[in-house]
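>>> next comes the sequence, and after it the predicted model I'd like to discuss.
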Amino acid sequence: MLFKRKEIWVPTWKGWLLFCLLAVAFALATVRLAPSFLAPTKPVGARVLVIEGWISDTGLEEALQLHASNRYALVITAGQPIEKGMDISHYGNYAELGASRLVNLGFKGTNLVKVPTPPTRKDRTYHTALAVRGYLLTNTPHRSIDILSDGVHARRTWLLYDIACSPEIDVGIIAHAKPDFDTRNWWKNSNGVRVVLNESIGYLYAKIVFNPD
């Protein structure tokens, strides 16, 4: 005999209804909580503030406020080369651009350092983190950093910096809350959907697929 009869349990209509309600509730919770998850603020109280050089002007204004409150020993602007043809390409890289904008907004300290990154085709945040790590280990006694990033990009930045800097350097994150981004209704406009989905996919790639060279 090649086959035999077996009994299996299947949901009743009430079971299917409960399953559907739970799925809807999970989807709604995901929609509501996605920006909060992607934009964590968990600093480690470091004496070094790292600023992603491409960050928005309001983000740089927050950097000024953070520096005024914490009096960091070192403020680092970091970033990749700027693509040729862009209006800002004369700065060369986002580290230079971020530092220049920060000074124009009122930064007056002598503790500002620019850490540019060699050009890379992929995993730019990770390679930027490697450059920051290399600078700190070579030039300073500091072994912890807090990174200032824009909104929902923050968690991916935090993860990639942690991968690049561990175990020598402890990494914290500060997510700048962009005033023009509505975290409660992000799915109601195309820009919000694009940004959250892009960062969600980017984070999942970094968490699951990314394999550092």
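Structure's in. What do you need?

>>> lowest average confidence across helices and strands of the chain, where is it?
Sorting the helices and strands of the chain by mean pLDDT, DSSP states H and E puts helix 13-38 at the bottom, at a mean of 72.

>>> can you show me the strands along the protein?
48-52, 74-79, 112-116, 144-150, 170-176 (DSSP state E).

>>> dump these to a markdown table, plus mean pLDDT, distance to Asn185 and mean neighbour count.
C-betas here are computed from N, CA, C, even on glycine. Shown next, in a markdown table, are these (pLDDT from 0 to 100; distance: least, CB to CB, whole Å; neighbours: other CB atoms under 10 Å):
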| stretch | mean pLDDT | distance to Asn185 | mean neighbour count |
| --- | --- | --- | --- |
| strand 48-52 | 97 | 26 | 26 |
| strand 74-79 | 97 | 31 | 25 |
| strand 112-116 | 96 | 37 | 19 |
| strand 144-150 | 97 | 19 | 24 |
| strand 170-176 | 97 | 18 | 22 |
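
>>> would JSON lines of the ones you listed with distance to Tyr94 be doable?
JSON lines is the format used below for the strands of the chain (distance: least, CB to CB, whole Å):
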{"stretch": "strand 48-52", "distance to Tyr94": "7"}
{"stretch": "strand 74-79", "distance to Tyr94": "3"}
{"stretch": "strand 112-116", "distance to Tyr94": "8"}
{"stretch": "strand 144-150", "distance to Tyr94": "12"}
{"stretch": "strand 170-176", "distance to Tyr94": "16"}
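
>>> near the nearest residue to Trp54 once chain neighbours are set aside, how many other residues are there?
In space, and not counting its chain neighbours, Trp54 is closest to Tyr94: 4.8 Å by CB to CB, 6 or more residues apart in numbering. The local packing of Tyr94 (other CB atoms under 10 Å) involves 25 other residues.

>>> what about Tyr94, distance to Ile51?
When distance is defined by CB to CB, to the nearest Å, Tyr94 is 10 Å away from Ile51.

>>> show me the common contact partners of these two, please.
Residues touching both Tyr94 and Ile51 (CB atoms under 8 Å, 6 or more residues apart in numbering) are 77-78.

>>> now do the buried residues in stretch 77-91.
77-82, 91 (16 or more other CB atoms under 10 Å).

>>> compute the first-to-last residue distance for that stretch.
With CA to CA, to the nearest Å as the measure, stretch 77-91 spans 13 Å from end to end.

>>> can you tell me the closest non-neighbouring residue to the residue positioned nearest the centre of the chain?
In the chain, the C-alpha nearest the mean C-alpha coordinate belongs to Ala154, at 2.3 Å (CA atoms, centre = their mean). Spatial nearest neighbour of Ala154, chain neighbours left out: Ala175 (3.6 Å); criterion: CB to CB, 6+ apart.
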